[in-house]
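# Could you look at this predicted model? Sequence included:
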Amino acid sequence: MRKNAFTQAFVIAGLLASTPLAQAASNLVFCSEGSPAGFDPGLYTTGTDFDASAETIFNRLTQFERGGTAVIPGLAEKWDIAADGLSYTFHLRPGVKFHSTDYFTPSRTFNADDVLFTFGRMLDKDHAFRKAYPSEFPYFTDMGMDSNIATLEKLDELTVRFTLNEVDAAFIQNLAMSFASIHSAEYAGQLLEAGKPAEINQKPIGTGPFVFSRYQKDSQIRFKGNQAYWNPDEVKIDNLIFAINTDASVRMQKLRAGECHVTLFPRPADLEALAKDPNIQMPSQPGFNAGYIAYNVRHKPFDQLAVRQALDMALNKQAIIDAVYQSAGQLAVNGMPPTQWSYNDSIKDAAYDPQQAKELLKAAGVAEGTEITLWAMPVQRPYNPNAKLMAEMLQADWGKIGLKVKIVSYEWGEYLKRTKAGEHDAMLIGWSGDNGDPDNWLGTLYGCDAVDGNNFSKWCDADYDKLIKAAKRTTDVAERTALYQQAQVLLKREVPITPIAHSTVYQPMRTSVKDFKISPFALNAFYGVSVE
């Protein structure tokens, strides 16, 4: 065991020293894989950040049912949609309490002012709080919500209305996503007055099932069950502890030793041993995800279609799937999984043809020995269990067609920051769906609005963008499906990405854990969960 793993084992042992794990009915330890960049969900796009904030500390106006994609009421008890599809009126849940901590005591319950603050600072770059704490909101802008929300009004203390410039067929689903978590306007005002607005991202206040207690980077996050939660039946844990360890093998050792109750992202090589352990349960489901390579079209020679085609046909995709995913991966053809409605199953992959790839590079003027960078993720994700191995295999494949490939990696937060800034040539990345709508893939990942966010290829195609925006402006499912299927044809033809695989999601946990639901969105929520 490495030094940091030994240290963390000591920490968890200390946390539970007074109560044996088997008897700690109100404590749950989650072996997570990374440190969150912060606790303000609107600022981030990754599951690591959302698990530690949106899924624990916060609520949203609408929310997804546990383990499913259906939208149900959250902080809004109900909503009305205008006949023209351009306005949404939300009737807010009365009596919902914000968290009381040693750094904030609310004087009132949740109301319309909190909704106005939450979305106001995302909409208005001159918002007083945003100017005091300069922030960008990548999900909000990648999905075009900043330009599509025309007005947000407070009709009374418990009623708000959003008016849109154009119909957005996925608007209700979008508001259930993690980035739309509702903040306390009163707490924000207190921070602003004290000159400490950045603390909204370090000392969070929400209405969610767990109250933030403390955080030690790369070690642990502690939460307490919210005894004043508006749905008390869902809070069955007194203490929730995130024990952070980036090493998958160490996480599995801790799970089997009883040092944590739930973990995630097992290595394919560990699946058989975990399945045989009588103290471990390992539910699984087809992954609503896609792992892919993004080519930065702003860098030469990736601005040439022929170069992207060459890289695409030079990689031995099946060999990568066999080695990296083993029995837990399905070959990917499109930029979203076949479990997503509107998937175009008529599209086929280009044939594996290294010789043709070499000829394409030569015709494009790319000299043999040209050096490119391939960025490899430093963390495991459901869509990529071993980015380092995948990068090494790509390095070998592209080496065979005359390219000199340099593998680059950084800490996860830095990796995302630098690749969103466009420092990479090619990169390994992926996505787990967030709301069950095709736009969450085809718009959020490959649309023009997302070029400075989750569109890591920096590809903006006017014809493609016209199709996906037209699809958002109609609620007719058949019409949307036809438009999205056309968009997938363009995406495949222009090769801003090479899809690699969709992986099966396995969620190892102790048999003492009850009613944990695997999220189709690769999030980990512990409300409604108990430990025997």
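Received, thanks.
# Below-threshold pLDDT in the chain: ranges please.
For the chain, the stretches flagged by pLDDT under 70 are 1-25.
# thought P385 was touching A323?
No: look at P385 against A323 with CB atoms under 8 Å: they stay out of range, at 10.6 Å. All C-beta spots, glycine's among them, are computed from the backbone N, C-alpha and C.
# what about the two, which has more around it?
Higher neighbour count among P385 and A323: P385, with 25 against 16, using other CB atoms under 10 Å.
# Okay, the more buried one and K317: tell me how far apart.
16 Å (CB to CB, to the nearest Å).
# ditto for Q63
According to CB to CB, Q63 and K317 sit 37 Å apart.
# Likewise for I347?
15 Å.
# One more: L192?
From L192 to K317 the distance is 51 Å (CB to CB).
# Likewise for Q507?
26 Å.
# hang on, N386 packs against R267?
Yes: counting by CB under 8 Å, N386 does reach R267; the two are 7.2 Å apart.
# what's the burial count for the closest residue to D449 other than its chain neighbours?
Closest residue in space to D449, ignoring its immediate chain neighbours: G144 at 4.5 Å, by CB to CB, 6 or more residues apart in numbering. When neighbours are counted by other CB under 10 Å, G144 registers 22.
# what's the answer for N435, then?
Applying other CB under 10 Å, I find that N435 has 22 neighbouring residues.
# Spatially, which residue comes closest to it, not counting chain neighbours?
Residue nearest to N435 in three dimensions, not counting chain neighbours: Q173, with 3.9 Å by CB to CB, 6+ apart.
# Quickly find the element holding that neighbour.
helix 171-175 (DSSP states H and E).
# show me where the stretch 1-150 of the chain has helices.
3-15, 47-51, 112-123, 128-132, 138-142, 145-148 (DSSP state H, counting those that start in this stretch).
# ok, now the stretch 351-500 of the chain?
Secondary structure of the stretch 351-500 of the chain (DSSP H, counting those that start in this stretch): helices at 354-363, 387-399, 412-420, 439-442, 462-472, 477-494.
# What angle do helix 387-399 and the third one make with each other?
To tie it back to what came earlier, the one meant is helix 412-420. If you take axes from the mean of the first three to the mean of the last three CA atoms, to 10 degrees, helix 412-420 sits at 30 degrees to helix 387-399.
# Keeping just the C-alphas, turn helix 412-420 into CSV.
What follows is helix 412-420, C-alpha atoms only, in CSV (Å, rounded to 0.1, in the frame of the first residue of the first chain):
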residue,chain,number,x,y,z
TRP,A,412,-8.2,16.3,-12.6
GLY,A,413,-9.2,19.9,-11.9
GLU,A,414,-6.2,21.2,-13.7
TYR,A,415,-6.7,18.8,-16.6
LEU,A,416,-10.2,20.1,-17.2
LYS,A,417,-9.2,23.7,-16.8
ARG,A,418,-6.3,23.4,-19.3
THR,A,419,-8.2,21.3,-21.9
LYS,A,420,-11.2,23.7,-21.8
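# chain center to it: distance?
14 Å (CA atoms, centre = their mean, to the nearest Å).
# quick one: contacts of that helix?
34, 37, 45-46, 48, 138, 294, 375, 377-379, 409-410, 424, 427, 429, 452-454, 456 (CB atoms under 8 Å, 6 or more residues apart in numbering).
# Now do the contacts for E371.
So E371 contacts L403, K404, V405, K406 (CB under 8 Å, 6+ apart).
# Select from those the one having the most neighbours.
Highest neighbour count within those: L403, with 27 neighbours (other CB under 10 Å).
# quick one: terminal-to-terminal distance for stretch 233-242?
Length of stretch 233-242, first residue to last, CA to CA, to the nearest Å: 22 Å.
# And that stretch, what's buried?
Using 16 or more other CB atoms under 10 Å as the burial criterion, the residues of stretch 233-242 that qualify are E234, V235, K236, I237, N239, L240, I241, F242.
# Just put the residues you listed in CSV and tack on secondary structure.
CSV is the format used below for these (DSSP: H, G, I helix; E, B strand; the rest coil):
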residue, secondary structure
E234, helix
V235, coil
K236, coil
I237, coil
N239, strand
L240, strand
I241, strand
F242, strand
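# that older thread, can you redo the helices of the stretch 351-500 of the chain as JSON lines with distance to D312?
As requested, the helices of the stretch 351-500 of the chain are exported to JSON lines (distance: least, CB to CB, whole Å):
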{"stretch": "helix 354-363", "distance to D312": "8"}
{"stretch": "helix 387-399", "distance to D312": "11"}
{"stretch": "helix 412-420", "distance to D312": "19"}
{"stretch": "helix 439-442", "distance to D312": "19"}
{"stretch": "helix 462-472", "distance to D312": "17"}
{"stretch": "helix 477-494", "distance to D312": "10"}
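# most packed of those helices?
helix 439-442 (a mean of 26; mean count of other CB atoms under 10 Å).
# hmm, back to that, next, the contact list for the residue nearest to N435, please.
By CB under 8 Å, 6+ apart, the contact set of Q173 is T62, V71, N435, G436, D437, N440.
# can you pull the contacts of the second one?
Think V71. Taking CB under 8 Å, 6+ apart, we find V71 in contact with T62, Q63, F64, E65, I172, Q173, A176.
# Quick check: beta-bridge partners of it?
Counting by DSSP bridges, V71 is bridged to F64.
# who does K406 bridge with?
Here K406, judged by DSSP bridges, has bridge partners T373.
# didn't it look like it was pressed against T373?
Yes: assessed by CB under 8 Å, K406 is found in contact with T373 at 5.1 Å.
# hmm, back to that, next structured bit after the helix holding Q173?
Downstream of helix 171-175 (by DSSP H and E), the next one is helix 185-194.
# what's the following helix or strand after that following helix?
Proceeding N to C from helix 185-194, the next assigned helix or strand is strand 210-216, under DSSP H and E.
# Can you select the buried ones from the contacts of helix 412-420 in PyMOL?
Only the buried entries of the contacts of helix 412-420 go into this PyMOL selection, using 16+ other CB under 10 Å:
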select buried, resi 34+37+45+46+48+138+294+375+377+378+379+409+410+424+427+429+453+454+456
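# Run through who's touching stretch 184-195.
Residues outside stretch 184-195 that contact it (CB under 8 Å, 6+ apart) are 98, 104, 106-108, 110, 113-114, 116-118, 128-129, 132, 197, 199-200, 205-206.
# Tell me the buried residues within those residues.
Among the contacts of stretch 184-195, those classed as buried by 16+ other CB under 10 Å are 98, 104, 106, 110, 113-114, 116-118, 129, 132, 197, 199-200, 205-206.
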